[in-house]
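1. everything below, folded, please.
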Amino acid sequence: MAEGGAAGTPAGAGGVAGAAGALGGTAGRQLGVSGGADGSAGNSGGAPGSIGGAGGASVCGGLGQACCVGDLCSIAGSVCGSSNACGCPVGTHACRGNSCISNASLCDITEYPLPTTTAKPKPTGLALGPDGNIWFTDSANLKVGRMVPAGSVVEFSVSQPPDTITVGPDGNLWFTEHGHPSGGTDQIGKMDTAGLHLDEFDVSADALSTDPGNTLGSGGMIITGPDHNLWFTESVPGKIARMTTAGVRTAYQISAFYPQGLAVGPDQNIWYAMHDGSGIGWLTTSGTDNTEVPLPNTTDDPLYLALAADNTFWIIESESNLVTHYVPGTGKITQYPIPTSGSFPGPIVLGPDGNMWSVGFISNNVIRISTAGVITEFPLPTAASQPTWIARGPEISGSGTLWISEGASGKIARVIP
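-> Down below sits the predicted model:
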């Protein structure tokens, strides 16, 4: 079942093929930084980093205590200005857009713009780093960036457009790089939290002969497994791949053509969503057992999944505009439509409040899903921002946070549920 990849080659170095996969060399690149997160002097080196400001734009209705009056905020219950005309009951509701919303249902949203370097920023993947900062990818500028909770940014250059990102078992940041569409190479990247050392491992060898070089599909997804290895989707050839922290890669063929979302299950297996297979599945970390479960309808299109606190799965079906609940063991499946039609929901994550959270790429909403399947939507401040990813962040003043990348606006939003 296992297939040894020829990949595992860091940028600019030859890999040495092995039976179970290819182990690339360890040579990396030293990256320069123009300044630290606190504005301190940076290191000299190759591709310089860039630093952005810490300014963020807050949404009126912060924790349900304010109402929009033009561009200002007043106490909850005030009558909003002409651009947001509404009169809300004092003390119980606040204005959000043109609506009065219960204080209990409001979440606090703050947006932070990313610095523009070569092109307008296009943030995609997000992850909470071991350093307590938010790490993100910017595919438009070939950057991996670090944002402190207050919003200041430092960015580091990579060779191919980065996409999804996670923290590895070695404390480094690991990310997919989908270079194929621009004539580059599909890779897995590794960067330390100082942003000074980068390794890139070529994974393009697993691509189909009919689509040379295209291994990661729309960018793939990467997570850390319970076996202390990295796991990622090779969506186009229909494989789930394992990579050690040294870059040894082994790929496993599954029946789905386009596996996308990944999560570690309560059984310590690697679970995945079969976007073109109308189902979900799991693979043991040894790669010796692969089981798949169909969803109720042939039109089901699972794209992402996440494990809830009660060890059940919540699954996003983007084109069907559904959130699906799956109970391992019993196999019970319940599907919930998202109220806003055509939302095209994206990644899903367990929030600090115990609810599941997602984003509507088209609807421009933050989506909360209770354990009972009650769905509430909150608009992002910037219109048509195209929220792309959502991740859990650090606590701020005792409150848990969620962070959202906005691909069209070039911003990263912080949400306090």
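2. ok, now how distant is residue 287 from residue 346?
-> 28 Å (Cβ to Cβ, to the nearest Å). For every residue, glycine as well, the C-beta is placed using N, CA and C.
3. neighbour count winner among these two?
-> Of the pair residue 287 and residue 346, residue 346 is the one with more neighbours under other Cβ atoms under 10 Å, namely 23 against 19.
4. work out for me the element the more buried one sits within.
-> strand 345-350 (DSSP states H and E).
5. adjacent strands (with direction) for that strand?
-> Here strand 345-350 is paired, per DSSP bridges, with strand 356-360 (antiparallel).
6. relative to the whole chain's centre, how far out is the next helix or strand after the strand it pairs with?
-> As assigned by DSSP H and E, the chain's next helix or strand after strand 356-360 is strand 365-369. Between the centre of strand 365-369 and the centre of its chain there are 15 Å (Cα atoms, centre = their mean, to the nearest Å).
7. so what's the model's average confidence on strand 365-369?
-> What strand 365-369 shows for mean pLDDT is 94.
8. residue 128 and residue 394 touch, don't they?
-> Yes. Under the criterion of Cβ atoms under 8 Å, residue 128 makes contact with residue 394 at 6.4 Å.
9. who touches both of those two?
-> Counting by Cβ atoms under 8 Å, 6 or more residues apart in numbering, the residues touching both residue 128 and residue 394 are residue 134.
10. got the CA positions of the strand holding residue 346 in CSV?
-> Extracted C-alpha coordinates of strand 345-350, given in CSV (Å, rounded to 0.1, in the frame of the first residue of the first chain):
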residue,chain,number,x,y,z
PRO,A,345,-18.3,27.5,4.0
GLY,A,346,-14.6,26.8,4.6
PRO,A,347,-12.4,25.2,7.2
ILE,A,348,-13.9,24.3,10.6
VAL,A,349,-12.3,24.4,14.1
LEU,A,350,-13.3,23.7,17.7
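11. pull the distance from it to the chain's centre.
-> Worked out by Cα atoms, centre = their mean, strand 345-350 lies 8 Å from the chain centre.
12. between strand 365-369 and it, find me the angle.
-> Strand 345-350 and strand 365-369 meet at an angle of 40 degrees, taking axes from the mean of the first three to the mean of the last three Cα atoms, to 10 degrees as the criterion.
13. and for strand 345-350, what's in contact with it?
-> So strand 345-350 is in contact with 261, 303-309, 314-318, 321, 323, 338, 356-361, 367, 369, 387-392, 402, going by Cβ under 8 Å, 6+ apart.
14. flag every buried residue along stretch 161-171.
-> For stretch 161-171, the neighbour count (16 or more other Cβ atoms under 10 Å) marks 161, 162, 163, 164, 165, 166, 167, 168 as buried.
15. what's the answer for stretch 199-214, then?
-> Result for stretch 199-214 [16+ other Cβ under 10 Å]: buried residues 199, 200, 201, 202, 203, 204, 205, 206, 207, 213, 214.
16. likewise for stretch 328-342?
-> Those would be 328, 333, 335, 336, 338, 340, for stretch 328-342 by 16+ other Cβ under 10 Å.
17. right, and the second one touches residue 295 too?
-> Yes. Assessed by Cβ under 8 Å, residue 333 is found in contact with residue 295 at 6.5 Å.
18. assign the closest residue to residue 331 other than its chain neighbours to helix, strand or coil.
-> Nearest residue to residue 331, sequence neighbours excluded (Cβ to Cβ, 6 or more residues apart in numbering): residue 293, at 7.0 Å. Per DSSP: H, G, I helix; E, B strand; the rest coil, the local secondary structure of residue 293 is strand.
19. check the gap between residue 293 and residue 169 for me.
-> Taking Cβ to Cβ, one finds residue 293 at 28 Å from residue 169.
20. likewise residue 135?
-> 16 Å.
21. could you chop the protein up by domain?
-> What automatic domain parsing lists as the domains of the chain is 2-52+105-416, 63-104.
22. buried residues, stretch 284-300. List them.
-> Those buried within stretch 284-300 under the rule 16+ other Cβ under 10 Å are 285, 287, 290, 295, 300.
23. ranges for the strands of the stretch 201-350 of the chain?
-> 222-224, 230-234, 239-243, 249-253, 259-264, 270-274, 279-283, 290-294, 302-307, 313-317, 322-326, 333-337, 345-350 (DSSP state E, counting those that start in this stretch).
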